[in-house]
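>>> next come a sequence and a model predicted from it.
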Amino acid sequence: MVIDVAMAKTLRAGQRTFRLNAKLVSTSERIVIYGASGAGKSMLLKAIAGLVTPDSGHITLNGRRLYDHAARIDVPVQRRRLGYLFQDYALFPHLTVRQNIVFGLQKGWFNPSAKASAGAHHARLDYWLDAFELRPVAHQYPDQLSGGQRQRVALARALIDEPQALLLDEPFAALDPALRVRMRAELDALQRRLRIPMLMITHDPEDANVFGGHVLTMSDGVIASEQEVEACHGR
C-alpha cells in the first residue's frame, strides 16, 4: 500500500476549536496510528474513508487521488474501495449475521433482504461465514452474539467487497482483556493470510507492539513521531 495524506480540518464546538493538520506518507502493509483520545486519530481515519471532508489538502492511495481540494476531487465513500471497521462495529440490530455481512456488497444505503443474502452473493457470503466460523450463528441477530462474534461479523462485512485496504477504528476497545488478546491474534493471522493492507488507529500501545509495521504517534492533531516496529507474534 502506498498512501500519501496531507490534509487540514478545523472543528468548532462552542468555545472549543480543534485543528487537524495531518501529514502521512507510507508504503507499509501495516500502519498503526497511536495516540490518546482526542488526538485526532478518528477524524483522520474518517477523512481517508470519505466520511469526513477535509478543509484542504489531498489523500492519495496506491496512486489514486481520493481527495484533492485544489482539483475539486472528492471520491464518494462507496467508490473508495475501503473496508471500514467501526469501533462499536455498527451492526444492524434488525438484520441477521448473513444480512449484515451482505450489506458490505450494497452500493446504496438500503437493507438487504433475506432473499438477497441467500441468493446472488451466496459464494462470497459462504466464504466469509466459513473463514470466520460464523456459519452456526448465520441466522442469529447481533444481540445474540458474543463480542468476538460481533467483531468477526463486522470484519466479514468490511472484507466481502474485496477492498484495497482495511481501516480499523480502535478495533479491540470494546472487548474484555482476555478476548482482546485472542482477537488481536486472529486479526494478525488474517491480515498475513489475505495480505490486505491495514491502517489501524488505537490508544493502546499493545496494538502497536503486536501488529508492528509503520507506527505513528499522533498528538493534538498532528503526527508527532513515527518508527518502524517489528511485530511481536503470539502475544
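Yep, that arrived. Every value quoted in this text rests on a predicted model; they were computed, and no experiment measured them.
>>> please enumerate the helices of this protein.
Using DSSP state H, the helices of the chain run over 41-49, 97-102, 114-118, 122-131, 147-159, 177-194, 205-211.
>>> need those helices in CSV (columns: distance to residue 140).
To be clear about C-beta, it is placed using only N, CA and C from the backbone, and glycine gets the same treatment. What follows is the helices of the chain, written out as CSV (distance: least, CB to CB, whole Å):
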stretch, distance to residue 140
helix 41-49, 28
helix 97-102, 6
helix 114-118, 13
helix 122-131, 12
helix 147-159, 9
helix 177-194, 18
helix 205-211, 29
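>>> the ones you listed: which one's closest to residue 169?
Taking CB to CB as the criterion, residue 169 comes closest to helix 41-49 out of these, the separation being 5.7 Å.
>>> returning to that earlier point: which of the helices of the chain sits most buried?
The highest average neighbour count among these, using mean count of other CB atoms under 10 Å, belongs to helix 97-102 at a mean of 27.
>>> by contact count, what packs against it?
Using 3 or more CB pairs under 8 Å, 6 or more residues apart in numbering; DSSP states H and E as the contact test, the elements touching helix 97-102 are helix 114-118, helix 122-131, helix 147-159.
>>> gap between that helix and the chain center?
Helix 97-102 has its C-alpha centroid displaced from the chain centroid by 17 Å (CA atoms, centre = their mean, to the nearest Å).
>>> kindly export that helix (C-alpha atoms) in CSV.
Presented in CSV, the C-alpha positions along helix 97-102 are these (Å, rounded to 0.1, in the frame of the first residue of the first chain):
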residue,chain,number,x,y,z
VAL,A,97,-25.5,-12.2,10.6
ARG,A,98,-25.9,-13.2,6.9
GLN,A,99,-27.7,-9.9,6.1
ASN,A,100,-25.2,-7.8,8.0
ILE,A,101,-22.3,-9.3,6.0
VAL,A,102,-24.1,-9.0,2.6
